[in-house]
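> need coordinates for the following:
(one chain, ligands or ions: 2)
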Amino acid sequence: MASRAGKTRISSARDVTEILRPDASGIARGAALLRSGGLVGFATETVYGLGADASDDRAVAAIYEAKGRPGNNPLICHYATAADAFVDVAACAPAIRLAEAFWPGPLTMVLPRRADSRVCRRAGAGRDTLAVRVPAHPDAIALLQAVGRPLAAPSANRSGQVSPTTAAHVLADLEGRIDGLIDSGACPVGVESTVVDLCGTPRLLRPGGVTLEAIEAVIGKLQTAPVLHPDGVGLPSPGLLASHYAPATRVRLEAREVGPDEALLAFGAPLAGGGAVFNLSPEGDLAVAAANLFAGLHWLDHAARERGLTSIAVMGIPAHGLGLAIIDRLTRAAAPRKEGLLF
Ligand code: TXA
Ligand code: MG
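Ligands and ions are numbered 1, 2, ... in the order given. Model (predicted):
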């Protein structure tokens, strides 16, 4: 059991998760847990992250264990400032321009790792590259400053599950498997960061909280990787696997009608019917829809199981701006599940 004293010895059992407030003492306690090798969930502007000291190989190994994440899927390292991030990776000119434009914020850049990087090799899954980002959430920045080290942090969900945008989502997946959780309320952006590979020709690896249009306005056209890939062979980024964000209930896209035995994930004016309805944004606002997306999937999945509904029918979403990130997550939620390939 994790000790509640200021100086802590963390057992490997991690059977108690301390819920911390996002005030000075909660942040200090979270930082102490992290500095002694613990795992702490914390809010970013996108989704909750599951943090560990990125320089501590054992702590990073514990992230993979707690999530049930395959060791070949690298983690994003989080920093309080761009200058600190560029200590661990070599920044090219486009990376510097993107950092100026979008950090702090929901953009992750994959860059060549420096030979003297502080980040342990396991965090980057043994690759010569490292994904880095400066989050925009004040509690995340306060935590990073208090820890004084880079934090490796994937989304704070069990592998393959829907990402968490509230502390309750994190607890539902990871209670008793992590040492602490700073409850900062709901995450404002609601979809994960956009991941861009800048090691060669700039390439979009994952659409996210910064739109493709906004990035291209700063550094020009990006290559776009295939969004779906059934088995992970030859993928530039393991996170591109087809099946991810998987609710227990089957997901059906581009619904034009909905049956009484189905749940409905609506956008704009809702279809009539459905045994449970969650509207991402009645006004058809993509930023609102992104912020509500994972909470909607969590809620509908729960409602569907309680009410014996067979599937979640999803209305069409416009394919521009934040719509690209929403469609990407929903397409993965709808993809056929492949045993052993989820993370
Ligand atoms: O918004 C976010 O990015 C959240 C918050 C917590 O920061 N984090 C997050 O982490 O979504 P995660 O682990 O769920 O997704 C990270 C993605 C994965 O698709 C992973 O494969 C990819 O980034 N990635 C990480 N390092 C990489 C690398 N060196 N090369 C290519 N892809 C990488
Ligand atoms: Mg994730």
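
> for the residue nearest the centre of the chain, list the residues it contacts.
Nearest to the mean C-alpha position of the chain, by CA atoms, centre = their mean, lies Ser155 at 3.6 Å. Residues in contact with Ser155, defined by CB atoms under 8 Å, 6 or more residues apart in numbering, are 47-50, 163-164, 192. For the C-beta atoms, the positions are set from N, CA and C on the backbone; glycine is no exception.

> can you tell me which one of these sits lowest on pLDDT?
Within the contacts of Ser155, Ser163 has the lowest pLDDT, namely 94.

> secondary structure class for the closest residue to Gly37 other than its chain neighbours?
What sits nearest to Gly37 in space, not counting adjacent residues and going by CB to CB, 6 or more residues apart in numbering, is Ala59, at 4.5 Å. Using DSSP: H, G, I helix; E, B strand; the rest coil, the three-state assignment for Ala59 comes out as helix.

> do the same with the one 3 residues further on
State at Ala62, reduced to three classes by three-state DSSP: helix.

> just give the closest residue to it, not the sequence neighbours.
Distances taken as CB to CB, 6+ apart place Leu39 nearest to Ala62, at 5.6 Å, with adjacent residues excluded.

> tell me who's in contact with the one you found.
Neighbour list for Leu39: 14, 33, 50-52, 59, 62-63, 66, 177-180 [criterion: CB under 8 Å, 6+ apart].

> hmm, back to that, so for the residue nearest to Gly37, what's the pLDDT?
In this model, Ala59 carries a pLDDT of 98.

> how many neighbouring residues does it have?
Here the neighbour count serves as a burial measure; for Ala59 (other CB atoms under 10 Å) it reads 24.

> thought it was touching Ala52?
Yes. Applying CB atoms under 8 Å as the test, Ala59 and Ala52 come out as touching, 3.9 Å apart.

> mutual contacts of those two, please.
Applying CB under 8 Å, 6+ apart, one finds that Ala59 and Ala52 are jointly contacted by 34, 37-39.

> can you list those residues in TSV and add secondary structure and pLDDT?
Compiled in TSV, the shared contacts of Ala59 and Ala52 are given as follows (DSSP: H, G, I helix; E, B strand; the rest coil; pLDDT from 0 to 100):
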residue	secondary structure	pLDDT
Leu34	helix	98
Gly37	coil	98
Gly38	coil	98
Leu39	coil	98
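
> where along the chain do the helices fall?
Taking DSSP state H as the criterion, the chain contains helices spanning 24-35, 57-67, 82-88, 93-102, 138-147, 167-174, 212-219, 286-307, 323-334.

> and those helices as a markdown table, adding distance to ligand 1?
Conversion of the helices of the chain to a markdown table gives the following (distance: least, CB to the nearest ligand atom, whole Å):
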| stretch | distance to ligand 1 |
| --- | --- |
| helix 24-35 | 14 |
| helix 57-67 | 9 |
| helix 82-88 | 12 |
| helix 93-102 | 12 |
| helix 138-147 | 8 |
| helix 167-174 | 11 |
| helix 212-219 | 15 |
| helix 286-307 | 11 |
| helix 323-334 | 10 |
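
> I'd like the average pLDDT over stretch 319-332.
In this model, stretch 319-332 has a mean pLDDT of 95.

> which parts of that stretch are buried?
The neighbour-count criterion (16 or more other CB atoms under 10 Å) identifies 321-332 as the buried residues of stretch 319-332.

> how far does stretch 276-291 sit from its chain's centre?
How far stretch 276-291 lies from its chain's middle: 19 Å, per CA atoms, centre = their mean, to the nearest Å.

> would TSV of the helices of the chain with distance to Gly200 be doable?
Compiled in TSV, the helices of the chain are given as follows (distance: least, CB to CB, whole Å):
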stretch	distance to Gly200
helix 24-35	33
helix 57-67	26
helix 82-88	18
helix 93-102	11
helix 138-147	29
helix 167-174	35
helix 212-219	13
helix 286-307	29
helix 323-334	22
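
> any figure for the gap between the residue nearest to the centre of the chain and Asp285?
24 Å (CB to CB, to the nearest Å).

> Leu20 contacts Ser184, correct?
No. Using CB under 8 Å as the test, Leu20 is too far from Ser184 to be in contact (9.6 Å).

> Val47 and Cys187 touch, don't they?
Yes. Counting by CB under 8 Å, a contact exists between Val47 and Cys187, whose distance comes to 5.5 Å.
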